[in-house]
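> next come a sequence and a model predicted from it.
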Amino acid sequence: MAVDDAHIAENIEQCLTTSLWTQGNISFSKTLASFIQLTSELEKTILKMILESFGLEKYMDELTDIASYQLRIMKYEKPKANEQTIGVPAHSDSNIMTLLYQNEVNGLKIQSKDGEWMNLKLSPNSFIVIIGECLCVWLNGRLSSPYHRVLMKGNDDRYSLGLFATVRGGYMVKVPTELVDDKNPMLFKPHDHEEFLKYFSSEVAKGVVKSGAAISRLKTYCAV
Ligand SMILES: O=C(O)CCC(=O)C(=O)O
Ligand SMILES: [Fe+2]
């Protein structure tokens, strides 16, 4: 892990640990820091594999330089009555890539390209990798960013840990020239993704769009 990444991981876990235990909690801190270290390395390995598959490995340094990582710890309570409740409504992630790790309680559904909702039944110790809209745009739509949601049923609470790799503000998301030719015209104009997210949340606040509809809004915002 590079010095910068170590610093970022340390910051994330310190903020979280001190907000949960004012005195700190060394064992929890260490577990969290090593989780962030391992998952951010895994995210980079997956990104490298994706770039290599498109012959774009020369962009690896650029994309890792502008990445920032956010860890979220999520708890979904079991439904009170014998019913199904929404843990997270349908949405696509607006970042580069998300890695999810859950306890043994399933609940994540992912929508296929033909609109079918698929239940994910995960074996223990597996990770879910979700491509975010920012990477979908950067790759000129070669990989899509799937809609997903969490539905809860049954008698157990669900916990999940999400590592969200995001681009830092100020970075112009620009489709590489290698991905543009006569058959594959550029789909998105270069744009600052953070500016788009600000615009999008103001549209959500005004009630113009629903919070899960970022990808269609992104098309309106910067489609060629
Ligand atoms: O908890 C999960 O499995 C999914 C959470 C999620 O999709 C998100 O926070 O964006
Ligand atoms: Fe998500």
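Alright, I've got the coordinates. Ligands and ions are numbered 1, 2, ... in the order given.

> spell out which parts of this protein neighbour ligand 1.
Proximity of the chain to ligand 1 (Cβ under 6 Å from any ligand atom) is limited to residues 74, 88, 93, 100, 102, 108, 148, 150, 160, 162. Yep, even glycine has a C-beta here, placed from its N, CA and C like the rest.

> return the distance of stretch 82-99 from the chain's centre.
Distance, stretch centre to chain centre, for stretch 82-99: 10 Å (Cα atoms, centre = their mean, to the nearest Å).

> what residues of the strand or helix carrying Leu71 count as buried?
Element membership for Leu71 (DSSP states H and E) is strand 67-76. Along strand 67-76, these residues count as buried under the neighbour rule (16 or more other Cβ atoms under 10 Å): 67, 69, 71, 76.

> OK, contacts around the last one?
Right, the one you point to is Tyr76. 87-88, 105, 107, 150, 152, 157-160 (Cβ atoms under 8 Å, 6 or more residues apart in numbering).

> and whatever residue of the chain ends up closest to ligand 1, helix, strand or coil?
The minimum distance from the chain to ligand 1, using Cβ to the nearest ligand atom, falls at Ser160 (3.5 Å). Classification of Ser160 by DSSP: H, G, I helix; E, B strand; the rest coil places it in strand.

> I'd guessed it sits against Leu99; true?
No - under the criterion of Cβ atoms under 8 Å, Ser160 makes no contact with Leu99, lying 10.5 Å away.
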